[in-house]
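Asks: when you get a sec, could you give me coordinates for this:
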Amino acid sequence: MIQKYFHRMKSKSKKESRKPISKILWSFIGSFLGIYFIAVFGKWFSIEDSFFLLGSFGASAVLVYGAPQAPFSQPRNLIGGHILSALVSVCVVKVFLGVLSLEILCALSVSLSILLMHYSCTMHPPGGATALIYVIGSSQIQELGWLYPFTPIAIGALLMLLVALFVNNLSQNEKRHYPTYWI
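Replies: The predicted structure is shown next:
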């Protein structure tokens, strides 16, 4: 039984080879511009310079600029995954803060976000981080309450989407286009 279990962990294929330098450079340009515009927007429109710079946006940058063809990278997933996860985390905190431990709140917000993203076909892995950030976030983040899904989350995701639409379609490579699908 145990041997069979560990046998399932053996490699089934070889690692993929390095991407062409052009793809690597487009990923660099897109991620640089996406994060830069979020930072600048945050500086212009918020009290804290880094208010819009959330770790989950860094992870989204890897997907939408580094793997623009992946299902997780598509606009529906980028926007829906972040917003739904943010809504779930606010709901969990509003309902259960003071009743459940922080550890349970963290686990519940991430797992419910995954459940909802699966159900709505908006799976975007950084959405789990978006949910977690709200639960463990500073008082400034938690004071946003129901605004959190809209600012900084929806605005940041939309800025990343706009940059992805621009950068990912500049390439002359026919295989590099964005999005693969909208809905």
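Asks: lowest average confidence, helix or strand, in the protein?
Replies: Within the chain, no helix or strand scores below helix 2-7, which has a mean of 82 by mean pLDDT, DSSP states H and E.
Asks: check which residues of it are buried.
Replies: When neighbours are counted by 16 or more other C-beta atoms under 10 Å, no buried residue of helix 2-7 is found. (Glycine included, C-beta is placed from N, CA and C.)
Asks: and the average pLDDT for the longest helix seen in the chain is what?
Replies: Identified as the longest helix of the chain according to DSSP state H is helix 21-45. Averaged over helix 21-45, pLDDT sits at 92.
Asks: give me the below-cutoff pLDDT ranges for the chain.
Replies: By pLDDT under 70, the low-scoring segments of the chain are 46-50.
Asks: any idea how far I21 is from the residue sitting nearest the centre point of it?
Replies: Nearest to the geometric centre of the chain sits P126, at 3.0 Å (C-alpha atoms, centre = their mean). Using C-beta to C-beta, to the nearest Å, P126 is found at 26 Å from I21.
Asks: check L97 too.
Replies: For L97, the distance to I21 - C-beta to C-beta - is 49 Å.
Asks: those two: who's more crowded?
Replies: L97 (12 against 8; other C-beta atoms under 10 Å).
Asks: W44 versus the more buried one, what's the distance?
Replies: Counting by C-beta to C-beta - L97 and W44 are separated by 32 Å.
Asks: what of F150?
Replies: 17 Å.
Asks: neighbour count winner among those two?
Replies: Shown here are F150 and W44; by other C-beta under 10 Å, F150 has more neighbours (13 against 9).
Asks: for Y181, phi and psi?
Replies: phi -150, psi 160 (degrees, to the nearest 10).
Asks: where do the helices sit along this structure?
Replies: Under DSSP H, the chain gives helices at 2-7, 21-45, 55-66, 75-96, 102-120, 126-136, 139-143, 155-167.
Asks: turn those into a markdown table, columns for distance to K175.
Replies: Converted to a markdown table, the helices of the chain look like this (distance: least, C-beta to C-beta, whole Å):
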| stretch | distance to K175 |
| --- | --- |
| helix 2-7 | 36 |
| helix 21-45 | 9 |
| helix 55-66 | 14 |
| helix 75-96 | 18 |
| helix 102-120 | 27 |
| helix 126-136 | 24 |
| helix 139-143 | 39 |
| helix 155-167 | 15 |
